[in-house]
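>>> sequence plus the predicted model coming up.
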Amino acid sequence: MRPLGADADPAIEVRGLRKLYGSAVALHDIDLEVRRGEIFAVLGPNGAGKTTLVEILEGFRPRDGGTVEVLGTDPYRAGEDWRGRIGVVLQTTGEFEDLNVGEVVRHFARYYPDAQDPGELLARVGLTEKRGARASKLSGGQQRRLDVALGIIGRPEVLFLDEPTTGFDPEARRDFWGLIRDLAASGTTIVLTTHYLEEAEQLADRVAVIVGGRILDVGVPQTLGGRDTEATIVSWTGPDGPETVSTTTPTKFAADLHARFGGEAPGLTVHRPSLEDVYLQMIGAAGATTEGTR
Ligand SMILES: Nc1ncnc2c1ncn2[C@@H]1O[C@H](COP(=O)(O)OP(=O)(O)OP(=O)(O)O)[C@@H](O)[C@H]1O
């Protein structure tokens, strides 16, 4: 894992954050810290409060309680200088009328003092061949890439991505993950919401699971929800058919099987709980629905 700048001030610091819509509590006393250069994923079922949380961090929504600092500044009171240090990729795509892709990027580049070179940026997001195409005629996945290009054009220190790879094909998703890793390796702090557990597992240094406006757990994907200590499922084919055992000592169990069979156990599989397994357990225990989680 990359060094996470543990000594530096955190990129994001949230204490006791509370958000109400009318009398409904959307966020209950959220505490959170995101380190500089970290990729931080926010997971949760529909209506959990992810967008509310992220839009408060982006300065787009007011809060009802608690303190929030992004790059040392309260986002809701921040000015233009702060906004220039933040990149935002929203769920909805911008509308660019009749502009082509190259024109859109050049247009937005003018807003930033140290914008990325438009040609290099398009290459980075894999849109070089589409630079002459109308932005409104791009496929869904290509439009998301353009959104990401616009989010990073001003070299933001913190980049927020709301469900960035929805509609991507598997190859485009892999390419996009590479881009995000490169950005993080060059020091950009990334906060992303996603419904794709594989995306969180592949990309995130840490994951927060939010349900009903509360954070259930925050941790590295490998240990989230006690995943590293959960029982492992060992399956094999015995003389009487398929057999399955749940064990906390899978290595010893496999060695015993080896001894029992005098060699390889037929059809052996060893299954550790995936991030999806623990996530579904966590939100199931919290009484939440899993609608929309893939
Ligand atoms: N502008 C609003 N006015 C009133 N209620 C809202 C508003 N925005 C969100 N809510 C409610 O707040 C709760 C959290 O919504 P939010 O959009 O933050 O969830 P989410 O986790 O981003 O969901 P999704 O995965 O569906 O995008 C939901 O119950 C939602 O209905």
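All right, it came through fine.

>>> residues near residue 142, how many?
For residue 142, the neighbour count with other CB atoms under 10 Å is 21. Just so you know, the C-beta spots here come from the backbone N, C-alpha and C atoms, and that holds for glycine as well.

>>> so what's it up against?
By CB atoms under 8 Å, 6 or more residues apart in numbering, the contact set of residue 142 is 127, 130.

>>> again with the one 4 residues further on
Neighbour list for residue 146: 93, 101, 104-105, 125, 127, 135, 138 [criterion: CB under 8 Å, 6+ apart].

>>> pipe these into TSV and attach secondary structure, pLDDT and distance to residue 18 per row.
As requested, those are exported to TSV (DSSP: H, G, I helix; E, B strand; the rest coil; pLDDT from 0 to 100; distance: CB to CB, whole Å):
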residue	secondary structure	pLDDT	distance to residue 18
93	coil	64	31
101	helix	93	41
104	helix	92	38
105	helix	93	39
125	coil	86	37
127	coil	91	40
135	helix	87	39
138	coil	87	39
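
>>> how about TSV for these, with neighbour count added?
TSV is the format used below for the contacts of residue 146 (neighbours: other CB atoms under 10 Å):
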residue	neighbour count
93	17
101	27
104	22
105	25
125	23
127	22
135	23
138	18
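
>>> of those residues, closest to residue 265?
Sorting the contacts of residue 146 by distance to residue 265 puts residue 125 at the head of the list, at 47.0 Å, by CB to CB.

>>> that closest one touches residue 179, doesn't it?
Yes - Residue 125 is in contact with residue 179 according to CB atoms under 8 Å; the separation is 6.5 Å.

>>> hey, what's in contact with both of these two?
By CB under 8 Å, 6+ apart, the residues touching both residue 125 and residue 179 are residue 148.

>>> which is the next helix or strand following the longest helix along the chain?
Assignment by DSSP state H gives helix 170-185 as the longest helix of the chain. The first helix or strand that comes after helix 170-185 along the chain, using DSSP states H and E, is strand 189-193.

>>> for that next one, give the mean pLDDT please.
The pLDDT scores in strand 189-193 average 95.

>>> so where do the helices sit in the stretch 151-294 of the chain?
170-185, 197-203, 250-261, 275-285 (DSSP state H, counting those that start in this stretch).

>>> so, low pLDDT: which residues of this protein?
1-8, 92-94, 288-294 (pLDDT under 70).

>>> how is it divided into domains?
12-224, 231-271 (automatic domain parsing).

>>> related to what we said a few turns ago, got the CA positions of the longest helix of the chain in CSV?
Provided in CSV are the C-alpha atoms of helix 170-185 (Å, rounded to 0.1, in the frame of the first residue of the first chain):
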residue,chain,number,x,y,z
PRO,A,170,-15.4,-4.2,-17.9
GLU,A,171,-12.4,-3.0,-19.9
ALA,A,172,-13.3,0.7,-19.5
ARG,A,173,-13.7,0.1,-15.8
ARG,A,174,-10.2,-1.4,-15.5
ASP,A,175,-8.8,1.5,-17.5
PHE,A,176,-10.6,3.9,-15.2
TRP,A,177,-9.2,2.2,-12.1
GLY,A,178,-5.7,2.6,-13.5
LEU,A,179,-6.3,6.3,-14.0
ILE,A,180,-7.6,6.7,-10.5
ARG,A,181,-4.6,4.8,-9.1
ASP,A,182,-2.2,7.1,-11.1
LEU,A,183,-4.0,10.2,-9.7
ALA,A,184,-3.7,8.9,-6.1
ALA,A,185,0.0,8.0,-6.7
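
>>> give the other helices and strands that that helix contacts.
In terms of contacts (3 or more CB pairs under 8 Å, 6 or more residues apart in numbering; DSSP states H and E), helix 170-185 is packed against strand 39-43, helix 140-152, strand 189-193, helix 197-203.

>>> circling back: closest one to residue 286 among the domains of the chain?
Closest to residue 286 of the domains of the chain is domain 12-224 (CB to CB; 4.5 Å).

>>> does the closest one come close to the ligand?
Yes - against the ligand, domain 12-224 shows contacts by CB under 6 Å from any ligand atom at 21, 26, 44, 46-52.
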